[in-house]
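[1] Quick one, what's the 3D model for this:
(one chain, ligands or ions: 1)
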Amino acid sequence: MKTKKIILIILLIVILVGIVLAFAFAGNKKNNSDSKYKLIASNFASYDFLRAIIGDNKEVELTFLLGPGKDAHSYEPTAQDLIKIQESDLFVYIGGEMEKWSDKVLNSLETNKTKKMCIADFVNTMEEQEIDGAEEEHEHDHNNNEEHHEEADDHNEEHGEGAFDEHIWTSPENAIKMVNALEQEMEKVDSQNANIYKDNANKYIEQINEVDKRIQEIVDNKVRDRLVFADKMPMQYFISYYKLKVSAAFNGCSTETEPSAKTITYLQNKIKEDKIPVVLYIELNPGRVAQTIANETGTKAMQIQSLHNISLDDFNNGETWVSLMTRNIDILKEALQ
Ligand SMILES: [Zn+2]
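    Next comes the predicted model:
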């Protein structure tokens, strides 16, 4: 608790210094910086959807706060990030256990100018589900031994209140809800370009529907309905939307990548029992564990895009929610048919 208070105090000092600096610098060039709308999205899906909605409007500056290649669960905002949020017109976040930092940041910011948008309020959220095979929460996810008990208590408290699964973007249904909500918010931020935003959003929704249709076709023709992840599994909304079953080494918010021997054996038995042909691992993971299990069971390791985040390479290549989800089509075909 003590460490948390100190962190909070440091955070407040940083914010105050940030505000002072921001005013000092903003004084002279206020007109320049005000000519643009500044948007900040905490996670990749919100960023990608806003990017599609904005299109080529150069008046709007969009920042991907987490940034490519990083783990959303270990992210903490830097002093610079806080200044950026403070100066933004719209800040889109998900919240929950994954973005625990957002509460503190939002409460301590002077956000008269900044519109705060919790995108999770606009989708159908699910409670965190127990995943077949996944290691217990307390066995991982809390690397700091000193704070272990305290963190575990906090966590249980939140679970008691029915913690929602933050990985909302993985179902096409939610993705479309997110696009619509973000588009409506953009109309408020910049009403002059409302028609363009509406057009761009509709075009993107068409693309999402197209990928959805192609995945649904594979699901309709499946010969088995279980996916096995030798990794964490942040695709609960996806699994539920397509009515699939899943086994995984860890739940969605685990920061672990090394399952115990017991877990590996469990997954191997599941693969043999259900004649599963593909062992999955998610983006940003080299897939070593999946490869080991695949070798052991005579199956194939393949990377699925959970879109929890995007790799730096994919980001630089301009990949999108749609293009990355499209990549999953061939993988699902091999895994389910
Ligand atoms: Zn997660």
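
[2] drop to CA atoms for contacts and neighbour counts, all remaining ones
    Fine.

[3] Is the closest residue to the ion within the stretch 201-337 of the chain part of a helix or strand, or is it coil?
    Nearest residue of the stretch 201-337 of the chain to the ion (Cα to the ion) works out as Cys253 at 3.8 Å. Three-state call for Cys253 (DSSP: H, G, I helix; E, B strand; the rest coil): coil.

[4] what residues are up against Glu87?
    By Cα atoms under 8 Å, 6 or more residues apart in numbering, the contact list for Glu87 reads 38, 113-114.

[5] List buried members of these by neighbour count.
    38, 114 (16 or more other Cα atoms under 10 Å).

[6] now the contacts of Glu87 as JSON lines including pLDDT?
    Output for these, formatted as JSON lines (pLDDT from 0 to 100):
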{"residue": "Lys38", "pLDDT": "96"}
{"residue": "Lys113", "pLDDT": "84"}
{"residue": "Thr114", "pLDDT": "90"}
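
[7] Which ones among the contacts of Glu87 map onto helices?
    In helices, judged by DSSP state H, none of the contacts of Glu87 are found.

[8] Gln216: which element?
    helix 194-220 (DSSP states H and E).

[9] interface residues of the stretch 51-200 of the chain facing the ion?
    Neighbours of the ion within the stretch 51-200 of the chain, by Cα under 5 Å from the ion: none found.

[10] The stretch 51-200 of the chain: helices as residue ranges?
    Per DSSP state H, counting those that start in this stretch, the stretch 51-200 of the chain carries helices over the ranges 79-87, 101-108, 148-160, 172-189, 194-220.

[11] where does the longest one sit relative to the chain's centre, distance-wise?
    Average the C-alpha atoms of helix 194-220, do the same for its chain, and the two points are 19 Å apart (Cα atoms, centre = their mean, to the nearest Å).

[12] circling back to that earlier point, who does the helix holding Gln216 touch, helix- and strand-wise?
    helix 44-54, helix 172-189, helix 321-336 (3 or more Cα pairs under 8 Å, 6 or more residues apart in numbering; DSSP states H and E).

[13] Return the alpha-carbon coordinates of the helix or strand immediately after that helix in the chain using PDB.
    Once the chain leaves helix 194-220, the next helix or strand it forms, by DSSP H and E, is strand 226-232. Output in PDB follows, covering the C-alpha atoms of strand 226-232 (Å, rounded to 0.1, in the frame of the first residue of the first chain):
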ATOM      1  CA  ARG A 226     -11.700 -26.900 -30.000                       C
ATOM      2  CA  LEU A 227      -8.700 -24.600 -30.400                       C
ATOM      3  CA  VAL A 228      -5.600 -25.200 -28.300                       C
ATOM      4  CA  PHE A 229      -3.400 -22.400 -27.200                       C
ATOM      5  CA  ALA A 230       0.100 -23.200 -25.800                       C
ATOM      6  CA  ASP A 231       0.000 -19.600 -24.700                       C
ATOM      7  CA  LYS A 232      -2.200 -17.100 -23.000                       C
END
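
[14] Does anything pack onto strand 226-232? Which helices or strands?
    strand 245-250, helix 261-273, strand 278-282, helix 288-297, helix 321-336.

[15] Output the below-cut-off pLDDT ranges for this structure.
    Along the chain, the parts satisfying pLDDT under 70 run over 1-3, 6-35, 111, 137-162.

[16] rerun at 80
    1-35, 108-112, 136-162, 255, 257 (pLDDT under 80).

[17] Report the inter-axis angle for the helix holding Gln216 versus helix 172-189.
    Taking axes from the mean of the first three to the mean of the last three Cα atoms, to 10 degrees, one finds helix 194-220 and helix 172-189 inclined to each other by 170 degrees.

[18] So which bits of helix 194-220 are buried?
    194, 196-198, 200-202, 204-205, 207-209, 211-212, 215, 218-219.
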